[in-house]
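Student: Fold the following for me, if possible:
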Amino acid sequence: MSHELTPKQHFEQELGVISFIDLQKFFAKGIVLIAAESMDVIETALAINEDDAEKVQAWVNCGHLIRANDDHARAWLAEESVFKAVTVAPWVLVQEVTVSEADLLNYKKETK
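Tutor: I've put the predicted structure just below:
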């Protein structure tokens, strides 16, 4: 019996939360893709991984999947944004999440 993970299981296992401070090095490399709030991050990762060009292009065309730019970075830094993130080589796929002020303060304490 094989214990290999399916791509979906792999992405579910790898999905995590990251602050913009920790995401900056990936942003600097130009490899951050943003999934709209309405999108499922795992399903988006699967489509990118499977090179489903038609589906991915449709998301790009309607603005649901975009490459992060300097305006995003400035806003994320100012707002201390937090994201769900998963790597879909060569990309880092992110989706901004709302975090309570208390959780944000706890995170800052943990990372000091």
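Student: Please report how far the residue positioned nearest the centre of the chain lies from Phe27.
Tutor: The centre of the chain sits closest to Val94, judged by CA atoms, centre = their mean, with a distance of 1.3 Å. Computed as CB to CB, to the nearest Å, the Val94 to Phe27 distance reads 9 Å. C-beta coordinates here come from the backbone N, C-alpha and C atoms, glycine included.
Student: where do the contact lists of the two overlap?
Tutor: Common neighbours of Val94 and Phe27, using CB atoms under 8 Å, 6 or more residues apart in numbering, are Ala68.
Student: Ramachandran coordinates for Val97?
Tutor: Backbone dihedrals for Val97, given as degrees, to the nearest 10, come out at phi -120, psi 150.
Student: what do you get for Asp52?
Tutor: Dihedral pair for Asp52: phi -80, psi 80, per degrees, to the nearest 10.
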